[in-house]
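Asker: can you look at this prediction? I've put the sequence above it.
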Amino acid sequence: MGKGVFFVAEQRDGALRKVSFELASTARKLADQLGEEVGAVLCGSGVEAMAAELAKYGADKVFVVDNPALEPYTTGAHAQAVAQVVKDNNPAILLCAASAQGKDLSAALVGKLATGMATDCTDLRIENGRLVAVRPMYAGKCYGEVVIATDPQMASLRPNVFPVVECAKAGQVIKVDAALGELKTKVVEVLKDAGGKIDVTEANIVISGGRGMKGPENFVILEELAALLGAAVGASRAAVDAGWRPQSDQVGQTGKVVSPNLYIACGISGAIQHLAGMSSSKYIVAINKDPEAPIFQKADYGVVDDLFKVVPEMTKEVKKLLG
Amino acid sequence: MNIIACVKQVPDTEAQIKVKADGSGIDEGGIKWVMNPYDEFGVEEALRLKEKFGGEVTIVCVGPARAMETIRTALAMGADKGIQIDDPALYEADSYATAEALAAAIKGLPYDIIFCGQRAIDDDSGQVGSILAELLGIPVVTMVTKLEVEGNSAKATRPIEGAQLVISTSLPCVITATKGLNEPRYASLPGIMKAKKKPVDIKNAAALGISVAPKAKVVKFVPPPARPPGKIVCADDTPEGKAAELVKLLREEAKVI
């Protein structure tokens, strides 16, 4: 049986991603319940300075695998590095981010460590000394409680769901020299999306448009409001399939599953496959002319009116608020 | 070129999912079953590679008797043959057991590229392709939206938050497909007729020599948490009034802006 709660910190371009602190805080909470230690695994090149930040959120130990071959991220190199730390230390629980990179890494680790994993969890608890992971299935149409018979019990955490709590610990740095072997994949190019756009899965506020937007040119009213609020603009499958918005913005069962603090659905009727992708948002606003639209069943605040009138007015109001 | 496409049969995206009263699973009554949409992108890409380079496309599927329909759909689209792994012990398989079954079926076959969907839209685990690659000792590129094969290597584009990565990989490899990779074709009527005569091997766990004890198990299925009833923002019944009231509620009551 393993001991300790480990997590894989995610960093990119020299900075830890917010989900790393969510992981640290969650690992701390579970470890305290078990009376065990938190170990962070930090992989990259020139990343040691980030260890102190992880200590601030509860890491007792930070295993640093520093190697130029770990930058930029590739599946093979990172999976090899993390697997070595895990095999040397035998933790009971290993947490990863259910981000784009974390999903890729964690699935490879399941293969390397021959264990089980609950993907994209929204809640974790300890029962009888073992992890119980709660996760949406069927894109949120139902939830499953998962237990894992093998160690490490792996879980990936949906970003933006778990709270970040400061809890300073020693964060003892342990340098690990991992044998990465021959790498079969290589990043040959990184194409940054225009304008440093916020991804819908990472934004605190998402404003989405659907068929009711009537055309690609009208999304500008959502973008204006989004710019003021620091929000990302999402889209329904109808809007993406019509070619109005890029696929990377699609929210729903065949797109991205999001859980922002605030989700504003504009001109989206609320097909079940869309609801599946956003119903774990903390607050949901629906703006739609049709009072019978199913989206209103999920909404905390509903506005039955023409979005082309309401959204620009909201933008004016928000401008006033922000002075 | 020898190409393998792994497929799973799942409930249609429009399906309502009802949890059984005892929480042991979902009620399958009235569900319309379809090929996992992400697997369809994999099958389509496999067929396009075959059309370009020649060769054969083999469909591999873990699933019960009803899943044969999904294999036949892939054959009707143009794949050449199928393998169905049907064993009651695999009906509650986790990702690792599923990948082991696929790996056991694939091991004896020649392959240059193996396609999987980036995740199945039923259990949403997104692990099988990566575990399969590990079990076969070959590289994997996940969530691929564009693929170019040249000689003994391939270039795959995969999105991450805020960027697209172009990744080169040696072959053979596993590619997990996502939306954007292509527009899957519909099966033609002659295709559907031909598919009926294409060979499909049915194997069980014993024939593949695998143990299928799941490592991860869903011990309880529960309906999604209920949301408290919402409010309709009426204010003075003008768009301006509603917008002002909504912004006020978001600021003062929800405290999210």
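Answerer: The structure has been received and is ready for your questions.
Asker: can you pull the contacts of residue 18?
Answerer: Here I'm looking at chain A. Going by Cβ atoms under 8 Å, 6 or more residues apart in numbering or on different chains, residue A:18 touches A:159, A:164, A:202. Every residue, glycine included, has its C-beta placed from N, CA and C.
Asker: hm, I was asking about chain B
Answerer: Shown in contact with residue B:18 (Cβ under 8 Å, 6+ apart): B:26-27.
Asker: ok, now residue A:65?
Answerer: Going by Cβ under 8 Å, 6+ apart, residue A:65 touches A:41-44, A:81-82, A:84-85, A:176-178.
Asker: okay, it: pLDDT?
Answerer: Residue A:65 is assigned a predicted lDDT (pLDDT) of 98.
Asker: doesn't it fall inside a helix?
Answerer: No - under DSSP: H, G, I helix; E, B strand; the rest coil, residue A:65 falls outside any helix and is assigned strand.
Asker: give me the element the closest residue in space to residue A:164 that isn't next to it in sequence is part of.
Answerer: Leaving aside its chain neighbours, residue A:164 sits nearest to residue A:21 (4.5 Å; criterion: Cβ to Cβ, 6 or more residues apart in numbering or on different chains). Assessed by DSSP states H and E, residue A:21 sits inside helix A:18-34.
Asker: quick one: buried residues of that helix?
Answerer: A:18-31, A:34 (16 or more other Cβ atoms under 10 Å in any protein chain shown).
Asker: same question, stretch A:141-154
Answerer: For stretch A:141-154, by 16+ other Cβ under 10 Å, it's A:141-148, A:150-154.
Asker: still on that earlier bit, ok, now which ones touch the residue nearest to residue A:164?
Answerer: Residue A:21 sits next to A:53, A:57, A:164 when contact means Cβ under 8 Å, 6+ apart.
Asker: who touches the second one in this structure?
Answerer: It stands for residue A:57. A:21, A:24-25, A:28, A:164-167.
Asker: can I get those in JSON lines including pLDDT?
Answerer: JSON lines is the format used below for these (pLDDT from 0 to 100):
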{"residue": "A:21", "pLDDT": "98"}
{"residue": "A:24", "pLDDT": "98"}
{"residue": "A:25", "pLDDT": "98"}
{"residue": "A:28", "pLDDT": "98"}
{"residue": "A:164", "pLDDT": "97"}
{"residue": "A:165", "pLDDT": "97"}
{"residue": "A:166", "pLDDT": "96"}
{"residue": "A:167", "pLDDT": "96"}
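Asker: so how many other residues sit close to residue A:277?
Answerer: Residue A:277: 27 surrounding residues under other Cβ atoms under 10 Å in any protein chain shown.
Asker: quick one on the thing from earlier: now the contacts of residue A:21 as JSON lines including distance to residue A:107?
Answerer: Listed next are those as JSON lines, based on distance: Cβ to Cβ, whole Å:
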{"residue": "A:53", "distance to residue A:107": "26"}
{"residue": "A:57", "distance to residue A:107": "25"}
{"residue": "A:164", "distance to residue A:107": "25"}
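Asker: nearest to chain B among these?
Answerer: residue A:164 (16.8 Å; Cβ to the nearest Cβ).
Asker: hang on, the closest one packs against residue A:26?
Answerer: No - applying Cβ atoms under 8 Å as the test, residue A:164 and residue A:26 come out as separate, 9.3 Å apart.
Asker: gap between the residue nearest to residue A:164 and residue B:84?
Answerer: Going from residue A:21 to residue B:84 by Cβ to Cβ, to the nearest Å gives 46 Å.
Asker: can you name the residues of the stretch 1-150 of chain A that neighbour chain B?
Answerer: Within the stretch 1-150 of chain A, the residues that sit near chain B (Cβ under 8 Å from any Cβ of the partner chain) are A:72, A:74-76, A:99-101, A:103-104, A:106-108, A:110-112, A:114-120, A:132, A:135-150.
Asker: next step: these restricted to helices.
Answerer: A:75-76, A:100-101, A:103-104, A:106-108, A:110-112 (DSSP state H).
Asker: from those residues, which is closest to residue B:215?
Answerer: residue A:110 (8.6 Å; Cβ to Cβ).
Asker: I figured that closest one hits residue A:104, correct?
Answerer: No - using Cβ under 8 Å, residue A:110 is not in contact with residue A:104, being 11.4 Å away.
Asker: what is in contact with the two at once?
Answerer: What both residue A:110 and residue A:104 touch, as defined by Cβ under 8 Å, 6+ apart, is the set residue B:130.
Asker: those two: which is more packed in?
Answerer: residue A:110 (32 against 27).
Asker: mind jotting down where the helices sit in chain B?
Answerer: Here chain B has its helices, by DSSP H, at B:37-53, B:68-77, B:95-106, B:128-136, B:189-195, B:205-208, B:239-248.
Asker: next, give phi and psi for residue A:212.
Answerer: phi -60, psi -10 (degrees, to the nearest 10).
Asker: returning to that earlier point: and the buried residues of stretch A:141-154, which two are the farthest apart?
Answerer: Going by Cβ to Cβ, the pair spanning the buried residues of stretch A:141-154 furthest: A:141 and A:151, at 30.8 Å.
Asker: not counting sequence-adjacent ones, nearest residue to residue A:68?
Answerer: residue A:45 (4.8 Å).
Asker: go on, residue A:249?
Answerer: residue A:235 (4.7 Å).
Asker: and the pLDDT at the one you found?
Answerer: For residue A:235, the predicted pLDDT is 98.
Asker: quick one, domains of chain A?
Answerer: A:5-175, A:194-322 (automatic domain parsing).
Asker: would JSON lines of those with distance to residue B:127 be doable?
Answerer: Shown next, in JSON lines, are those (distance: least, Cβ to Cβ, whole Å):
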{"stretch": "domain A:5-175", "distance to residue B:127": "4"}
{"stretch": "domain A:194-322", "distance to residue B:127": "16"}
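Asker: mind checking which of those is nearest residue B:57?
Answerer: When the domains of chain A are compared (using Cβ to Cβ), the closest one is domain A:194-322, at 23.0 Å.
Asker: give me the below-cutoff pLDDT ranges for chain B.
Answerer: Within chain B, no range satisfies pLDDT under 70.
Asker: domains in it, by residue range?
Answerer: Domain segmentation of chain B under automatic domain parsing yields B:2-208, B:227-257.
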